[in-house]
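In: Got a predicted structure here, sequence first:
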Amino acid sequence: MVFGRIIRLSAVLAAALFSLQSPLLAGEPVKDMKGWEVGSKYNSHYNASELDKFRATVVDILEVEPMNGMSPATAIVLKESPDDDPIMVHVCPAWFANEEQLGLSKGDRVKIRGSWAYIDGKDVFMASKIKKGDYFSFKVRLTSDGTPFWTMSEEQLAKERATD
């Protein structure tokens, strides 16, 4: 009888420890890298040697499929002035940062840095860094070579966030 309780208790403890390791149960986003991997077709569109930057106003924040079959992206739509055409900006995988975690709202004036790309017949801007005001910035790629933050180890990511 005591032996049976020990086995049941061990099973309960093992299940509890397993659930703490599960990203879904621990409240962490599930990392669906489909299309977002290092060396992916999508990431090959980012050209770190041809960076551009501009100021614009946030018109919309949404989730999009960057290329057919990819897991969703958090994206923003910007306008440099009210009369200009909207600019679609791919920020990062939705599991890396969603609309709430992005820290932006419609109407915010931002300065954005990244690379232009032509994807599936459309011009898009692939963000590396978004700044709002003097104190807020959201960085998703290394400026030097375009390495996406979502492909970095926790240690690399912590180092990059400490230097920003």
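Out: Sure thing, it's come through.
In: The residue nearest to the spatial centre of the chain - nearest residue in space that isn't next to it in sequence?
Out: Per CA atoms, centre = their mean, the C-alpha nearest to the average position across the chain is that of residue 92, at 2.7 Å. Ranked by CB to CB, 6 or more residues apart in numbering and with sequence neighbours excluded, the top spatial neighbour of residue 92 is residue 140, at 4.6 Å. Glycine gets a C-beta too; all of them are placed from N, C-alpha and C.
In: What number of residues are in the vicinity of that neighbour?
Out: 21 (other CB atoms under 10 Å).
In: got the residue ranges for the helices in the chain?
Out: 2-21, 99-102, 154-163 (DSSP state H).
In: List of residues touching the second one?
Out: Same thing as helix 99-102. 61, 62, 63, 74, 76, 91, 130, 138 (CB atoms under 8 Å, 6 or more residues apart in numbering).
In: which residues touch residue 88?
Out: 64, 75, 77, 122, 123, 124, 125.
In: how about the strands in this structure?
Out: 51-64, 73-79, 87-93, 109-119, 122-132, 136-139 (DSSP state E).
In: thinking again about what came up before, neighbour count added to the contacts of residue 88, as JSON lines?
Out: Converted to JSON lines, the contacts of residue 88 look like this (neighbours: other CB atoms under 10 Å):
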{"residue": "64", "neighbour count": "18"}
{"residue": "75", "neighbour count": "23"}
{"residue": "77", "neighbour count": "17"}
{"residue": "122", "neighbour count": "8"}
{"residue": "123", "neighbour count": "11"}
{"residue": "124", "neighbour count": "21"}
{"residue": "125", "neighbour count": "22"}
